[in-house]
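*Asks:* I need the structure of the sequence given here:
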Amino acid sequence: MNASAVTEFILVGIPFLYDLHRMFFVTGLFIYVVSILGNGFILVIVAIEPRLQTPMYFFLSNLAFLEICYTTTVVPKLLQTLLQTRTTICFHCCMAQNFFHFTFGGTELLILTVMSFDRYLAICKPLQYPMIMTKNVCIQLSLATWYSSFIVMFFQCLLVWRMSFCASNVVDHFFCDAAPMFSLSCTDTRLSELLGLLSAVVIIILTLIFTIVSYIYIISTIMHIPSAVGRKKAFSTCTSHLTVVSILYGALVVMYVRPTLRSSSRLTRVLAVLNTSLIPMLNPFIYTIRNAEVKAAVRNAIYKKSQLLNEEFFSVSKK
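*Replies:* Sure, this is the predicted structure:
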């Protein structure tokens, strides 16, 4: 069976949790809906509130949009595999899912890196910060993350698209990840696996190193702030970002930074579920629950809306 003969793949899903599929479907659907609503809320509140239209929240809204796209490429199909014992996906749909999953994921890591750079400038270079992080610079940085990830993943996924599949069309996963696609190929995948490892090192490890270095400077600067209140306020702007980075990078290093991508263990599959569904849901809560600016913006938006409704009510009453 060659690539031209394959018209669809069969997704196995999570067979070792088959008895719990119904429960996981309800849980997964709830998580997906909350993730879409939570990240959508960030997009709306940043767009309508002038006080949140700063570089930090501009990048946060980019991250929220990415989370919506990232989880949507995988979770709907995951939910289908939890309901059906035999879930199929067309060949081109599988290739598209593979490409967009890694493109959105790579862009997310680059955005998180830009956010750490933004925090570095805001805390370590406060006087130069407004002159450096202008609106045009923010837009250019955002576009650069999308463009860079697209280019890297396009050439990586192009090799996957050109592979021949002759052993089987059964994908031992709940989506078209790299590992099961390599294991199905009857062609030599060493070049693809090498490029996959290089891509993981470049996008995951290098961005992680950049983020760690940024926070070394940030923490050093914070520790030199004489006021305890000032130190607490400065560090509070970074804790949410640090939490997300720690959770996300921990899962990605285990999943993709390894010598061979052919095997997909139970651990990597569980981590993939957490990475594609749970983390996108947690991000809005991590960034908003303890964020005083977001809370104030929400209260302000509610107050404005109530004032508008009151004005409309009184105008109708007078008529």
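*Asks:* put the alpha carbons of the helix or strand residue 273 falls within into PDB.
*Replies:* Per DSSP states H and E: residue 273 is located in helix 266-273. Extracted C-alpha coordinates of helix 266-273, given in PDB (Å, rounded to 0.1, in the frame of the first residue of the first chain):
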ATOM      1  CA  ARG A 266       1.100   5.400  27.500                       C
ATOM      2  CA  LEU A 267       2.800   8.300  29.300                       C
ATOM      3  CA  THR A 268       3.300  10.300  26.100                       C
ATOM      4  CA  ARG A 269      -0.300   9.700  25.100                       C
ATOM      5  CA  VAL A 270      -1.600  10.900  28.500                       C
ATOM      6  CA  LEU A 271       0.700  13.900  28.300                       C
ATOM      7  CA  ALA A 272      -0.700  14.600  24.800                       C
ATOM      8  CA  VAL A 273      -4.200  14.700  26.200                       C
END
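*Asks:* how about that helix: buried residues?
*Replies:* Under the neighbour-count criterion of 16 or more other C-beta atoms under 10 Å, helix 266-273 has 268-269, 271-273 buried. Just so you know, the C-beta spots here come from the backbone N, C-alpha and C atoms, and that holds for glycine as well.
*Asks:* before we move on, what about stretch 286-299?
*Replies:* Judged by neighbour count (16+ other C-beta under 10 Å), stretch 286-299 contains these buried residues: 286-288, 291, 294, 297-298.
*Asks:* out of these, which comes closest to residue 143?
*Replies:* Set against residue 143, the nearest of the buried residues of stretch 286-299 by C-beta to C-beta is residue 287 (22.1 Å).
*Asks:* that closest one touches residue 294, doesn't it?
*Replies:* Yes. With contact defined as C-beta atoms under 8 Å, residue 287 reaches residue 294; the gap is 7.4 Å.
*Asks:* buried stuff in the helix or strand harbouring residue 41?
*Replies:* Element membership for residue 41 (DSSP H and E) is helix 21-48. Buried residues in helix 21-48, counted by 16+ other C-beta under 10 Å: 21, 24-25, 28, 31-32, 35-36, 38-39, 42-43, 45-46.
*Asks:* same deal with stretch 214-225?
*Replies:* Neighbour counts over stretch 214-225 (16+ other C-beta under 10 Å) mark 214-215, 218, 221-222 as buried.
*Asks:* swap in stretch 13-23?
*Replies:* In terms of neighbour count (16+ other C-beta under 10 Å), stretch 13-23 has its buried residues at 13-14, 21.
*Asks:* residues near residue 96, how many?
*Replies:* Number of residues near residue 96 (other C-beta atoms under 10 Å) recorded here: 16.
*Asks:* figure out the helix or strand that it lives in.
*Replies:* Using DSSP H and E, residue 96 sits within helix 91-124.
*Asks:* which helices and strands does that helix pack with?
*Replies:* With contacts defined as 3 or more C-beta pairs under 8 Å, 6 or more residues apart in numbering; DSSP states H and E, helix 91-124 has these neighbours: strand 8-11, helix 55-83, helix 129-132, helix 135-161, helix 178-184, helix 206-223, helix 228-256.
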